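Asks: Test case, fold it:
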Amino acid sequence: MNYIKGEILDNVRPKLLIKGIGASRGKYRGKVYIVANKGRNSPLAEEVEVVVVPFLSPFDIFIVLHAKALIMEHGGVTSHGAVIARELGIPCVIAENAINLLKDGMDVFVDGDEGCIYVYQ
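Replies: As a prediction, this is how the structure comes out:
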């Protein structure tokens, strides 16, 4: 998907929901899947798009294997989750309070270049 800042996509202008830190470059629009609500041992299906976690430890690699984008609440550009996202070539944004602001199934646009999360309403 091509995205230009401020461009209207699908006749809907996205609203900036969270400004965080861009930890892995890239852009992706998809549905939110909050892992914290299901427990860290829940298996993820291949259709998972935007995974939201408090943090990503070395034991949690299975959480992002099929993800198209990653949002973490804690960490930095050198954290394990950010490094894994860059290795997988998926955008990653680190944003405080993301789990409270996002809901499962929410249509979001993750901008790893700018560190922004937009929501479509």
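Asks: in the protein, which segments are predicted with low confidence?
Replies: Applying pLDDT under 70 to the chain flags the ranges 1-12, 37-47.
Asks: mind redoing it with 90?
Replies: Applying pLDDT under 90 to the chain flags the ranges 1-14, 35-48, 56-66, 120-121.
Asks: Can you show me the strands along this protein?
Replies: Secondary structure of the chain (DSSP state E): strands located at 15-19, 21-24, 27-34, 50-53, 69-72, 92-94, 107-111, 116-119.
Asks: Look at the closest residue to residue 93 other than its chain neighbours and say how many residues are nearby.
Replies: In this structure, residue 93 finds its nearest non-sequential neighbour in residue 20, 4.8 Å apart by C-beta to C-beta, 6 or more residues apart in numbering. Heads up, the C-betas are built off the backbone N, CA and C, glycines and all. When neighbours are counted by other C-beta atoms under 10 Å, residue 20 registers 22.
Asks: What separation do you get for residue 30 and residue 60?
Replies: Distance of residue 30 to residue 60, given as C-beta to C-beta, to the nearest Å: 20 Å.
Asks: Same question for residue 118.
Replies: From residue 118 across to residue 60, the span is 26 Å (C-beta to C-beta).
Asks: Likewise for residue 73?
Replies: Residue 73 is 14 Å from residue 60, by C-beta to C-beta.
Asks: what residues do the two have in common as contacts?
Replies: Residues touching both residue 73 and residue 60 by C-beta atoms under 8 Å, 6 or more residues apart in numbering: residue 53.
Asks: So residue 118 and residue 60 - more neighbours on which side?
Replies: A direct count of neighbours by other C-beta under 10 Å for residue 118 and residue 60 places residue 118 higher, at 20 against 17.
Asks: What are the phi and psi values at the closest residue to that one other than its chain neighbours?
Replies: Counting by C-beta to C-beta, 6+ apart, residue 14 is the residue found nearest to residue 118 once chain neighbours are left out, at 3.5 Å. Per-residue torsions, residue 14: phi -70, psi 150 (degrees, to the nearest 10).
Asks: Kind regards, and thank you for your time.
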